[in-house]
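Undergrad: Give me a model of this one.
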Amino acid sequence: MTGAANLYTYYGYVHNGHRIPTQSAIAAFLMKQGLVFLAVVCALLATSVIAGASPLNLDPTAGSYPLTQCFDVAEDVHKAYRIDDLQTPAVAAQFHPITATGEINFGYSESAYWLRCNLSAPTASSWFLEIAYPSLDSVQVFTPDRHGNYRMQEASDHLPFSARPYPHRNYVFPLELNPGQTTLYLRVRSDGTLTIPATLWVPEAFHKQDTGIYTVLAIYYGMFIALGLYNLLLFFSLRDHVYLEYVLFITSIAIGQASLNGLGNQFLWPDWPVWGNVALPVGFALSGLFGALFTRSFLVTPANVPRLNLLNWLFIGWFTVAILAHLYSYRLASEMTSLGGVGYSLFAWWVGLYCLIRHKQISARYFLLAWTLLIIGVCAMGARNFGWVPTSFFTTYAIQIGSSLEMLLLSFALAQRIHTVRKEKHLAQAETLATKQQMEEVLQGNEQKLEARVKVRTNELEVVNDRLRDSEQALAKVARQDPLTGLGNRIALHDELNAALERARRAQTGVAVLLIDLDNFKPINDTYGHAVGDNVLVGVAQRLKISVRKSDSVIRIGGDEFVVIMEGLQVIDHAKALIAKLLQLLAEPLNASGILVHVGASIGMSRFPEDGATIQDLMDKADTFMYAAKAAGGKSYRYSG
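TA: Numbers count the residues shown, from 1 in each chain. Coordinates of the predicted model:
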């Protein structure tokens, strides 16, 4: 006050009763006072800068305080400042008030931002500081203790969910404020959009509003789950890939939304921070990819708009690159996803409008309306991410509102697609039925003539078939029958013996093969001629047929050799009895063309399974035994017993 009085006294002049210092007076005074006055002014200025704006007077009954306009902000371009640096006059002078009217949004920035807020509490009280944007990479909150030392709390999507100071989908920091004024500092950094919706809550009010928000989010995601399961069942039922693309579309949107509002980090991947950090851009990039595939299938762009279909493939490639870009740069992936989301929403809307106007697609109406709502949400979110529009309730939740309405309308569009397909199917069936009736009317006039011709031709074919059948039977009989005796021949021997062996294997019984060779046939044939010889063979064949059982087979295999196949044998005595009967019967005189001749026979017998398991084995054994009987003088038999 002394310096000021001297200034007025010695260097001022009077105006309206007050002393006003002139510039020359001030200059002279400063020159006189020197560095003393300058030091006082700088000290006062530094104190004012550090103190910042007027403190926010807290009332615990107020419930909550939005802190946007209470903050001063300083940009830390090199991310080098520490909490102690903020107390120095040089750094403190960089803080300036925030001019935003809604939420704080710095867009995409590589800098770290420090926020400062002065709070004044009447008594010691507990508060929650909520930063309602859980995709921020790092949020650090600094509060002083009673001794003036700052304590730091940190929340980050690079850390497991359990590392947060308070378990919540958003970043929530419990604050214990001492009576009087407290300076609160926040340090925020993120590779994505730097949106900082900060609110100070009384714990009771925070829990109350939190219950309502969780209820709304549960309904929101419940709708996604219901629509996804319903259309997944349609895909399994109809095997139409458009329903699978729709399911993947809404699933990827749900992943992005779950990351955006923090439910993913809290419930789905709490211990997987690597994925939690990139789930937001990757989820929305996947939604763009599958949305483009869905649009292509739903609107049939290859057939309806082939040129636009090529552009649609370019968007598919864009989103694919955006998905892969997060491996290189989170910020690049986020910016590509935001730009691609805005661009493709407008493109899909134009394609839907074109198909509706040009091709009169009924389902395109729902598609167009759905994408119109999504466009509003995507454009609002993308513009907010880049900081082009202020952050507000609408720009924050526009994508959720738009996506939920879009999913419902697209589901209606798919239902309309089913209706359209069924209608087209019914029309096609009706046209087919009408065509069929016309064809029946055309053919009905010729039907009787055709039937008559077919009947005549059928009768002719039946006659020819009967003749062919008789010829085939005759040929088959001739092929298997000996023409002289009427017995089976060598072909029949193979077939019947093979069948007998199969039956014996199944029934576990025996089979006997008798090889019969006439003893005196050659002298008779040479003496009386072939005619008498043939009569002898016919007589022998008849005696053999009447001697065996009905189940046995008699076969002439050539010359004067015959084979008897006996089935169902349990003991050798049955075969020996038949052989004795045959030898006796063949030894009796035989009348051949009026000439009484005497023939005998030599018989060799082989048995299944004792002498072999194949036809060749049995025939070889029987042949060996037959020659042994003939060598013994004939009119006898031999076997392996």
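Undergrad: most residues in a single helix of this structure, which one?
TA: helix 393-480 (DSSP state H).
Undergrad: so what secondary structure elements neighbour that one?
TA: The contact analysis (3 or more Cβ pairs under 8 Å, 6 or more residues apart in numbering; DSSP states H and E) places helix 393-480 against helix 203-238, helix 241-260, helix 273-298, helix 363-385, helix 490-507. Glycine gets a C-beta too; all of them are placed from N, C-alpha and C.
Undergrad: Output the second one in CSV, but only the C-alpha positions, please.
TA: Listed next in CSV are the C-alpha coordinates belonging to helix 241-260 (Å, rounded to 0.1, in the frame of the first residue of the first chain):
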residue,chain,number,x,y,z
HIS,A,241,-25.4,-67.3,-46.0
VAL,A,242,-27.0,-63.9,-45.8
TYR,A,243,-28.4,-64.9,-42.3
LEU,A,244,-24.9,-65.9,-41.2
GLU,A,245,-23.5,-62.6,-42.4
TYR,A,246,-26.2,-60.8,-40.5
VAL,A,247,-25.3,-62.8,-37.3
LEU,A,248,-21.6,-62.0,-37.7
PHE,A,249,-22.5,-58.3,-38.4
ILE,A,250,-24.4,-57.8,-35.2
THR,A,251,-21.9,-59.9,-33.2
SER,A,252,-19.0,-57.7,-34.3
ILE,A,253,-21.1,-54.6,-33.5
ALA,A,254,-21.8,-56.0,-30.0
ILE,A,255,-18.0,-56.6,-29.5
GLY,A,256,-17.3,-53.0,-30.5
GLN,A,257,-20.1,-51.6,-28.3
ALA,A,258,-19.1,-53.8,-25.4
SER,A,259,-15.6,-52.4,-25.6
LEU,A,260,-16.9,-48.8,-26.0
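Undergrad: re the thing from before, nearest to Val73, out of the helices and strands packed on helix 393-480?
TA: With Cβ to Cβ as the criterion, Val73 lies closest to helix 363-385 of those, at 17.9 Å.
Undergrad: Next, the angle from that closest one to helix 393-480.
TA: 130 degrees (axes from the mean of the first three to the mean of the last three Cα atoms, to 10 degrees).
Undergrad: Check the average confidence over helix 363-385, would you?
TA: Averaging pLDDT along helix 363-385 yields 73.
Undergrad: by contact count, what packs against it?
TA: So helix 363-385, by 3+ Cβ pairs under 8 Å, 6+ apart, packs with strand 104-108, strand 193-196, helix 273-298, helix 330-359, helix 393-480.
Undergrad: show me the contacts for the spatially most central residue of the chain.
TA: Nearest to the mean C-alpha position of the chain, by Cα atoms, centre = their mean, lies Leu244 at 8.0 Å. Each residue near Leu244 by Cβ atoms under 8 Å, 6 or more residues apart in numbering is listed here: Leu232, Phe235.
Undergrad: circling back: so which of the helices and strands packed on helix 393-480 is nearest Ser338?
TA: It is, among the helices and strands packed on helix 393-480 and with distance given as Cβ to Cβ, helix 363-385, at 4.4 Å.
Undergrad: tilt between the closest one and helix 241-260?
TA: Using the same axes, to 10 degrees: helix 363-385 against helix 241-260 is 20 degrees.
Undergrad: Okay, angle between helix 363-385 and helix 330-359 too, please.
TA: Using the same axes, to 10 degrees: helix 363-385 against helix 330-359 is 150 degrees.
Undergrad: what separates helix 363-385 from the chain centre, distance-wise?
TA: 27 Å (Cα atoms, centre = their mean, to the nearest Å).
Undergrad: Same check on stretch 304-311?
TA: Counting by Cα atoms, centre = their mean, stretch 304-311 comes out at 27 Å from the chain centroid.
Undergrad: Just the buried positions in it, please.
TA: Asn304, Val305, Leu308, Asn309, Leu311 (16 or more other Cβ atoms under 10 Å).
Undergrad: cool, stretch 553-572 as well?
TA: 553-557, 560, 562-569, 572.
Undergrad: for stretch 111-129, same thing?
TA: 112-119, 121, 125, 127-129.
Undergrad: now stretch 535-543
TA: In stretch 535-543, counting by 16+ other Cβ under 10 Å, buried: Asn535, Val536, Leu537, Val538, Gly539, Val540, Ala541.
Undergrad: how about JSON lines for these, with secondary structure, pLDDT and distance to Leu227 added?
TA: Shown next, in JSON lines, are those (DSSP: H, G, I helix; E, B strand; the rest coil; pLDDT from 0 to 100; distance: Cβ to Cβ, whole Å):
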{"residue": "Asn535", "secondary structure": "helix", "pLDDT": "90", "distance to Leu227": "98"}
{"residue": "Val536", "secondary structure": "helix", "pLDDT": "89", "distance to Leu227": "98"}
{"residue": "Leu537", "secondary structure": "helix", "pLDDT": "90", "distance to Leu227": "93"}
{"residue": "Val538", "secondary structure": "helix", "pLDDT": "91", "distance to Leu227": "93"}
{"residue": "Gly539", "secondary structure": "helix", "pLDDT": "91", "distance to Leu227": "96"}
{"residue": "Val540", "secondary structure": "helix", "pLDDT": "91", "distance to Leu227": "93"}
{"residue": "Ala541", "secondary structure": "helix", "pLDDT": "91", "distance to Leu227": "89"}
